[in-house]
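*Asks:* Pasting a predicted model and its sequence here:
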Amino acid sequence: MTGRATEVVALGVVLTVAYTLLITGADAITKLFSANYAAPQMFAFSGGLVALFCLLVGRKSAGTTVLKTRCPRVMALRAVATVIGTCAFFYAFKLLPFAEVFLFIAIIPILAALLSRLVLQERPGGQVWGALLLGLVGMTTLFPSGFHSFGTGHLVALLAVTMGAISMVSSRYIGQRDPAGLLSQVFYPNAALMAVMACVLPFVFVPMGWGDVMWIVCYAALLFAARWVLVAALRILPAYVVTPLMNLQFLWMVALGTVAFGEPTGAGVFFGASLLILAGAWLVWDQVRTPLPKAAVPAE
């Protein structure tokens, strides 16, 4: 692989690691907020703030288009998946320990690889499937006594990661066909989230103090930065490579779960996370050995 190609892969890796730090901070606020409020109260405001951030950044960036997209149908699919997945993750964090939700997040690479094969014609080779199977083995450590312990929280988390995989593959599809539409990929899903949650908000609204309002603002800022960085990473690396790299999020989630929420993490979860992180490193190594992705292709 050429030095230029290695630099591109390295940039994709750096962006993905930055995403894990940003999104873990947002997830921690989600778990904190879910103890006292319903999902619409958080996402009606935060979705609107993120959409506003997109408009403000777009106005200050010459040549940046926020509202224009060359893939409206796929953008709509990404928006729907984001709305459903965001709500599902909210309740998964409410029902499950922080570290256990991570192990469900680790399913996303496998789903993304399958969808990439079907939708993007990105055909993972033997190295990729080996790494993904290793990650799946790591996922099973969540149920050491068997899958009969699968409960409502796990079902909600499974829905969340399914929607997350659809959203990420949709993002890569759009990024390949609309390289200038980075901000639009952040704007439309969050505008949709705000609109849907605002319809439900009057039925669940609870008065908030200024402290909770500031938490929502912080959440929106972290989420805006995280999604912007993730879309940029997905323009460089395939979804099935980006998503295993996100397994580094486990380290930050365990630390926050222990320090901030007093949640113990068993040895089995650590073992599973080790396998998942190893699978992510395997996929990065395989990506470094492959040619650069093709340039953007016309929208369909």
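*Replies:* Okay, I see it.

*Asks:* Show me where the stretch 1-150 of the chain dips below the pLDDT cut-off.
*Replies:* 1-5, 60-65, 99, 102, 109, 121-128, 135, 139-150 (pLDDT under 70).

*Asks:* mind showing which ranges of the stretch 151-300 of the chain have poor pLDDT?
*Replies:* For the stretch 151-300 of the chain, residues meeting the criterion pLDDT under 70 lie at 239-240, 243-244, 247, 250, 260-261, 263-269, 273, 276, 280-281, 283-300.

*Asks:* those helices in it, which residues are they?
*Replies:* For the stretch 151-300 of the chain, applying DSSP state H, counting those that start in this stretch gives helices covering 152-177, 182-204, 210-236, 239-245, 249-259, 267-288.

*Asks:* What distance do you get for residue 15 to residue 9?
*Replies:* Distance of residue 15 to residue 9, given as C-beta to C-beta, to the nearest Å: 11 Å. C-beta here means a position set from N, CA and C on the backbone, and glycine is covered the same way.

*Asks:* brain fart, residue 157
*Replies:* Per C-beta to C-beta, residue 157 is found 30 Å from residue 9.

*Asks:* more crowded one of the two?
*Replies:* It is residue 157, of residue 157 and residue 9, that has more neighbours when counted by other C-beta atoms under 10 Å, with 26 against 20.

*Asks:* Between the helices of the stretch 151-300 of the chain, which one is closest to residue 101.
*Replies:* helix 152-177 (5.8 Å; C-beta to C-beta).

*Asks:* Show me what the closest one is packed up against.
*Replies:* Applying 3 or more C-beta pairs under 8 Å, 6 or more residues apart in numbering; DSSP states H and E, we find helix 152-177 packed against helix 72-95, helix 98-105, helix 108-115, helix 182-204, helix 210-236, helix 239-245.

*Asks:* so what's the closest residue to residue 153 other than its chain neighbours up against?
*Replies:* Spatial nearest neighbour of residue 153, excluding adjacent residues (C-beta to C-beta, 6 or more residues apart in numbering): residue 95 at 3.2 Å. By C-beta atoms under 8 Å, 6 or more residues apart in numbering, the residues touching residue 95 are 151, 152, 153, 156.
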